[in-house]
Every structure is written in C-alpha cells, then in structure tokens.
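**Student:** sequence first, predicted model second:
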Amino acid sequence: MAFTFAAFSYIVALIIDAFLLFFAIFHIIAFDELKVDYKNPIDQCASLNPLVLPEYLLHGFINILFLFAGEWFSILLNAPLIAYNIHRYMNRPIMSGPGLYDPTNIMSANILDKCQREGWVKMAFYLLSFFYYMYGMISSLISMK
C-alpha cells in the first residue's frame with residue numbers, strides 16, 4: 001500500500017466534490033423556490049451569485065491536483081464541465097459583481113428551466129465523479145508503483 005500524490009489528489013477531490021455536490025443541491029432547491037414563488041428573485045440571486053466563483057475555483061483546483069499527479073483520464077472526464085463553466089461565465093449577463101444570475105431576467109420560464117436543468121446535470125456529474133474519485137483513491141492506494 002503506497003500513499004502517492006495521486007492518492008492524495010483523489011482524497012482531496014472526494015472532499016471537495018462533496019462540497020460541490022451540496023452546491024448543486026442548493027442550486028436545485030433555490031431554483032425550485034423561485035419556480036413556486038417562495039422567494040423573490042433579488043434575494044435568490046443574492047444568495048446564488050456568491051457561490052458561482054467558489055464552485056468554479058474548487059472544480060479547477062481538483063483538476064490542477066490531477067494535472068500535477070498525472071491523472072490524465074480524470075482531467076479528461078472533467079474537461080467538458082470546465083469548458084462549459086468557462087463558456088457560461090464568459091457569456092454571463094452584464095452585472096456589477098461576480099456571478100451568473102441577473103434578478104431582472106431570471107424569472108423568464110426558459111431561463112429558469114435552463115438553470116434548473118443545469119443544476120440537475122451538475123448534481124449528477126458530481127455524484128458520478130464522487131464514486132469515480134473513490135475508485136481512483138482506492139486503486140491508487142492499493143497499487144504498488
């Protein structure tokens with residue numbers, strides 16, 4: 001049993017992925033509250049926008065660890081979501097602060113459905129990633145390199 005940097009990367013990725021999973025669940029709940037008019041758009045955007053950059057930075061940090069560990073398949077699995085996040089942030093509405101969600105147009109039915117679908121897809125991705133990272137951690141711990 002060898003503790004390598006790859007094993008460390010997978011352990012850190014498991015912990016960070018758990019946080020990202022909770023971010024995705026919060027995202028889904030927040031847009032469901034908007035859909036049923038439980039909260040107003042200004043309050044909801046004020047609670048969602050501060051979580052956008054930490055989510056992107058945590059996901060990027062995982063991939064930087066995988067890059068230094070030489071885990072190319074893990075980077076390849078995460079590349080589509082990284083590309084989507086970069087594209088989404090570069091094409092965000094014009095706002096004064098960081099974030100993706102503009103309270104003036106978030107209540108549009110198609111934007112609300114798109115944001116809710118995005119939350120579900122991210123939750124599924126992070127859930128599958130969690131089990132893959134667990135497998136990668138175990139396999140890197142038991143391998144004798």
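**Tutor:** Structure received.

**Student:** do I have it right that Cys45 meets Tyr101?
**Tutor:** Yes: if you go by C-beta atoms under 8 Å, Cys45 and Tyr101 touch, sitting 4.4 Å apart. C-beta coordinates here come from the backbone N, C-alpha and C atoms, glycine included.

**Student:** state the helix or strand in which Lys122 lies.
**Tutor:** Following DSSP states H and E, one finds Lys122 within helix 109-142.

**Student:** just the buried positions in that helix, please.
**Tutor:** 112, 115-116, 118-119, 122-123, 125-126, 129-130, 132-133, 136-137, 140 (16 or more other C-beta atoms under 10 Å).

**Student:** can you check stretch 90-104 too?
**Tutor:** Gly99, Leu100, Tyr101, Pro103.

**Student:** which residues touch that stretch?
**Tutor:** 41-42, 44-45, 48-50, 52-53, 88-89, 105, 115 (C-beta atoms under 8 Å, 6 or more residues apart in numbering).

**Student:** what helices and strands are in contact with the helix holding Lys122?
**Tutor:** Counting contacts by 3 or more C-beta pairs under 8 Å, 6 or more residues apart in numbering; DSSP states H and E, helix 109-142 is packed against helix 5-35, helix 72-90.

**Student:** now for those helices, which one comes closest to Leu65?
**Tutor:** Closest to Leu65 of those, according to C-beta to C-beta: helix 5-35, at 4.1 Å.
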